[in-house]
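>>> Fold the following.
(2 chains)
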Amino acid sequence: MAERADVVFVDGVRTPFGKAGEKGMYWNTRADDLVVKAIVGLLERNPSAPKEQIDDVAIAATTQAGDQGLTIGRTAAILAGLPKSVPGFAIDRMCAGAMTSVAMLAGSIGYGQYRLAIGGGVEHMGHHPMGSGVDPNPRFVAERMVSEDALVMGATAERIHDRFPHLTKERADRYALGSQRKTAAAYEAGKIQQDLVPVAIRTAEGWGLATRDEVMRPETTMEGLAGLKTPFRPHGRVTAGNASGLNDGATAALLASADAAKEFGLNVKMKLVSYAFAGVDPEIMGIGPVPATEKALRLAGLKMDDIGLIEVNEAFAVQVLSLLDHYGIDDDDPRVNPWGGAIAVGHPLASSGVRLMNQLASQFAERPDVRYGITTMCVGLGQGGTMIWENPNYSRKAAKKA
Amino acid sequence: MMTDYTKIDFSELETLSDDEVVTHSYVRDIPISEGRTLALITLDNGRDHTRPNTLGPKSLLEYAATLDGLRERAAAGEIHAVAVTGKPFILAAGADLSKVAEIPSREIALRMGQLGHHALGKLSEVGVPSFAFINGLALGGGLEIALNADYRTVDASTPAVALPEVFLGLIPGWGGAYLLPNLIGIENALKVVIENPLKQNRTLKAGDVLELGIADALFPSVNYLEDSIRWADGVVSGRVKVKRPNEPGKVERLVKWDAAIGIARKMLQSRIGSVPKSPYAALDLLKAAKSGTKAEGFEREDEVLADLIAGDQLQASVYAFNLVQKRAKKPAGAPDKALAKPVTKVGVLGAGYMASQFALLFVRRLQVPVVITDLDQARVDKGVAYITGEIDTLRDKGRISPDEANRLKALVHGTTDKSEFADCDWVIEAVFEELEIKQQVFAEVEQFISPEAVLATNTSSLSVEQIGAKLQHPERVVGFHFFTPVAVMPLIEVVKTSSTDDATLSTAMVTAAKLKKNAVITADTPGFVVNRLLAVLLGEAMRAVDEGTPFETVDEAMAPLGLPMAPSHLLDLVGLKVGAHVLDTHHAAFPDRFYRSENLHRLADYGKLLEKDDKGKVKGFDKGAMKIVSGGTNPSSPDEILTRLQDGLARETKLMLDDGVVSAAEDIDLCMILGAGFPFQMGGLTPYLDRVGASERVFGDTFHHPPIRGVDA
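Below is the predicted model:
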């Protein structure tokens, strides 16, 4: 009989994130190749993980067509050279795709059905622009189930500003500036690069190698941010500067039961404590992390005070601020995204969840004083997702010192 | 004083290449560890994989200029390594052959070789470690780009790496003949430069490239470029140490080198004779590569390359190569493919050896039901057993999967009940070569099959028209003449009679292509193309023998053509009875032009021409056989025999063209190359006949205008 198990995050990697569109570095690179390279890089870093004993490969993509179609978890597994006996599937929860793949695999591991699994996600927003090929049911509008803003993410972010007038554009810009600076500092210290797998890219000037995120703007200033257009509303608050952009990229993570990790000599970077997904009004989807985090904390029996590190996806600065505001956390609290976030490095929708985990895991290694951390993100059509993780390097002594 | 390539003016070459599809050299900087930079050159002609990168003068000059720029950057400390790779699936397919054939003089030919050395050689002189990432197809000059680098990696899925120059009448003349033996040892180099090109132009797979020591590392396709860059980074930083176990040492140079060359030379002489120039030129270059400097090696290659490019054999070889690569794929006179009728079931009349081979080929290639029949159940069972046995052998060798073997065996069926042929779309006969018998089996099966089903005959000597003469629907009869061994020989002569309709002809052409054979359409005339010309050859040989010329002298007299085998060996291979029969039928058809030999019938009755050892190796002529053919009193000289042969071939070829047996001289050449193994250096047949003057002697003109020959001839 299968026995219930503890779930651990062994390792995670990602491709550098590119700028979507013809001028982006991945324009001539297939989406499936991006996630395949992430999987190959992940397995190369963990050679003791027996490939034939991987129980499943779950890869998320928001648009599941073209080079992100054909059951991408299965095709990516084959293309990555995994034995054909290893199954795979595709999964989707828009921005929380990779997070959902990790959560659902974790459920299977926790219930004793799986021992080793690969989760991750990919979004090539250049090849698959947001909203392409969608066909929303007319009832959404006819029956006023959701407002028209619900499908325009920037418009939902403007709604957060409406609801919380004290979350001003100036605060959002300042948060965005901080994200750029923290990312620049983390790059300078080589912290981000440690989990990147380089990707060969074909360009008009021949083959190149993607080794860094393409969209970072370390030169950002408050003045510069203040002058940007507000594309979602005249005289609005949401700009290209205080939001994540349109990006291409992929992530992959290796999950295991605690005993499988021990058996195969796999290093454990994080232990899973709880996870939760929750829904909110679609037209103000950015506040989704609040109920999701409430629920995950409740399931874990923890309070926000117990959380030492927060990796929150920066789809929009204001959406991060709404979460922090809810818990009374300062905009520049050092626990929050210490190495910056999606505003600086980008947000290829379904891939981002594992990027949050990679960074939290790397910070855990540096911070034995921290016992718990969360990864959380908002999701289109009014959702939020949160996963709470425990630091295996935690020591009481270190905590006391700190 | 060595050639100083920097002092040579290559501008004349550039003007020759107005329409060159230029392979560009793009450069991007790649950050590697410890703050270093690798400059990555990508060779890309901007076309998709169906038009591989090739290296004409403009491409080479651009590559040279790119490397000059990188050498300056290396000197300035801006870059720490240089690597070259190709567009997806292709590094480069070598020199632009269309340009080579257009070279107007030996002087320009010399420049072409020098330009290659000038450009490719720069990769080893950039001042920092240089790498070639063999990401795909690398042929000839493409591989020589890589050989000029300090280190090489190869993509595990690379389909073909080779130095095929000798196959085309050239030599690896952009460094390959010097660099390769000094990298992987003389025996390995002989395999790559000489053996493989002569084995139907065999190429190396990625695993071979690593094992031979051409590449220092192999990486899977999925991450090939990333892995190669990381490996190069390791070499530059000293983390990766490169070992080359096949690199020749002192002992190899002192002891093994010359011996290996000697063995190879003997092998060449016994396999291809001494007529083809390029294999021996390559051999001499490999021998000389044992000692001396790289510059000396490159200079030798320049001179040899110039001689070959300016000579007759290369021009004929390029012509032949284009026939095989292009014309064979678009057969002259073939009707629209859309007219072809689907073939969903095949019937084979006969269950003997030939019929069984047909059945095997059809079931493997078409994967449709194949039914065979014969006079009685015992013969049928024997045929089916042979076919299933061959399928099992393919399975046991791993050529097909067990599932595929089961599928094929289930498709093969034997019967004596002709009604089982009712739903066949294609019926081919392989019964005894006698008109009445063939007429009878077709008439019998016609009762059962639909009026549209194609009836194909494998006759080699009978009139296809007459075979179908008694049928209700003669318009569905077509000749489908294979060459033995059926599985190996690439030619089918598709014979069109005056009544064959376009749908039938199209079905035959499409079916031949599905069988992976090259088809040439011929008229329904005796011997079609290949046998008619071989009948000239064997007839002239026997005429000379019967007149009193020793058989050895006849073999010797015909040797200057450089055919794959002497007439005596050809007779031995096809069988003396068959040989006599071929001469008889041609003599009967054209009594004043074709010779028939009573002696050959006697030899056939005696059963033996050559004396062989236990392993089947020919030791000489059989004494009894020589006695049978002795008695002639009017021997000819080798020159007389050769002239008679050349003139006879020119005469029959001209007559065939005048009678419209095939569309053009090119088709005669294609038939002789694919059906009789006539060599590339002859261009098949007609370029040879033009250049030796036979065409002029026989009909006062040449087959080709201008004749296909060297520039300095």
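>>> where's residue B:189 relative to residue A:343, distance?
Distance of residue B:189 to residue A:343, computed by C-beta to C-beta, to the nearest Å: 59 Å. Glycine gets a C-beta too; all of them are placed from N, C-alpha and C.
>>> Between these two, which has more neighbouring residues?
Neighbour count, other C-beta atoms under 10 Å in any protein chain shown: between residue B:189 and residue A:343, residue A:343 has more, with 33 against 30.
>>> mind checking how far that one is from residue A:20?
For residue A:343, the distance to residue A:20 equals 15 Å [C-beta to C-beta].
>>> same deal with residue B:474?
Distance from residue B:474 to residue A:20, by C-beta to C-beta: 67 Å.
>>> Same question for residue A:36.
19 Å.
>>> go on, residue B:597?
Distance from residue B:597 to residue A:20, by C-beta to C-beta: 80 Å.
>>> Which one's more surrounded, these two?
Per other C-beta under 10 Å, whichever of residue B:597 and residue A:20 has more neighbours is residue A:20, with 26 against 22.
>>> what's near enough to touch residue A:108?
For residue A:108, the contact set (C-beta atoms under 8 Å, 6 or more residues apart in numbering or on different chains) comprises A:55-56, A:114, A:117.
>>> from the middle of its chain, how far away would the helix or strand of chain B with the lowest mean pLDDT be?
Across the helices and strands of chain B, mean pLDDT, DSSP states H and E gives its lowest value to helix B:97-102, namely a mean of 78. Its chain's average C-alpha position is 19 Å from that of helix B:97-102, according to C-alpha atoms, centre = their mean, to the nearest Å.
>>> and if you look at stretch A:47-62?
Using C-alpha atoms, centre = their mean, the offset of stretch A:47-62 from its chain centre is 18 Å.
>>> okay, that stretch in CSV with CA atoms only?
Only the C-alpha atoms of stretch A:47-62 are listed here, as CSV (Å, rounded to 0.1, in the frame of the first residue of the first chain):
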residue,chain,number,x,y,z
PRO,A,47,22.2,13.3,-11.9
SER,A,48,21.3,11.0,-9.1
ALA,A,49,17.5,11.3,-9.8
PRO,A,50,16.7,8.1,-11.7
LYS,A,51,15.0,9.3,-14.9
GLU,A,52,13.0,6.0,-15.3
GLN,A,53,11.5,6.5,-11.8
ILE,A,54,10.0,9.9,-12.5
ASP,A,55,6.3,9.3,-12.1
ASP,A,56,4.9,12.2,-14.1
VAL,A,57,5.8,15.4,-15.9
ALA,A,58,3.2,18.3,-15.6
ILE,A,59,3.9,21.3,-17.7
ALA,A,60,1.7,24.4,-17.7
ALA,A,61,0.9,26.7,-20.5
THR,A,62,-1.9,29.2,-20.8
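>>> Could I get the buried residue list for that stretch?
Neighbour counts over stretch A:47-62 (16 or more other C-beta atoms under 10 Å in any protein chain shown) mark A:49, A:51, A:53-62 as buried.
>>> ditto for stretch B:45-55
B:45, B:52-55.
>>> that older thread, which of the buried residues of stretch A:47-62 sits closest to chain B?
Comparing the buried residues of stretch A:47-62 against chain B with C-beta to the nearest C-beta places residue A:51 closest, at 13.3 Å.
>>> Which strand or helix spans the closest residue to residue A:268 other than its chain neighbours?
Leaving aside its sequence neighbours, residue A:268 sits nearest to residue A:8 (C-beta to C-beta, 6 or more residues apart in numbering or on different chains; 4.5 Å). Using DSSP states H and E, residue A:8 sits in strand A:7-14.
>>> Would the next helix or strand after that strand count as contacting chain B?
Sequence order places strand A:18-19 as the next helix or strand after strand A:7-14, per DSSP H and E. No: counting by C-beta under 8 Å from any C-beta of the partner chain, chain B has no neighbours in strand A:18-19; the shortest distance is 15.3 Å.
>>> Tell me which residues are up against strand A:18-19.
Contacts of strand A:18-19 (C-beta under 8 Å, 6+ apart): A:24-26, A:126, A:210, A:213-215, A:245-249, A:346.
>>> Please work out which residues outside the strand holding residue A:8 touch it.
A:38, A:41-42, A:45-46, A:49, A:102, A:106, A:109-110, A:195-197, A:249-258, A:261, A:266-272, A:351, A:354-355, A:357-358, A:361, A:389, A:392.
>>> Please list the members of these that lie in helices.
A:38, A:41-42, A:45, A:102, A:106, A:109-110, A:258, A:261, A:354-355, A:357-358, A:361 (DSSP state H).
>>> picking up where we left off before, take the buried residues of stretch B:45-55 and lay them out in a markdown table including distance to residue A:154, pLDDT and secondary structure.
As requested, the buried residues of stretch B:45-55 are arranged in a markdown table below (distance: C-beta to C-beta, whole Å; pLDDT from 0 to 100; DSSP: H, G, I helix; E, B strand; the rest coil):
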| residue | distance to residue A:154 | pLDDT | secondary structure |
| --- | --- | --- | --- |
| B:45 | 44 | 97 | coil |
| B:52 | 47 | 96 | coil |
| B:53 | 45 | 97 | coil |
| B:54 | 50 | 96 | coil |
| B:55 | 52 | 95 | strand |
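>>> Need those residues in a markdown table (columns: distance to chain A).
A markdown table is the format used below for these (distance: C-beta to the nearest C-beta, whole Å):
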| residue | distance to chain A |
| --- | --- |
| B:45 | 12 |
| B:52 | 16 |
| B:53 | 12 |
| B:54 | 17 |
| B:55 | 16 |
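>>> domains for chain B, by residue range?
Here the domain assignment for chain B is B:5-310, B:337-523, B:530-660, based on automatic domain parsing.
>>> Name the residue of chain A that lies nearest to chain B.
residue A:206 (2.8 Å).
>>> the bottom helix or strand of chain A by mean pLDDT?
Lowest-scoring helix/strand for chain A, mean pLDDT, DSSP H and E: helix A:139-142, at a mean of 88.
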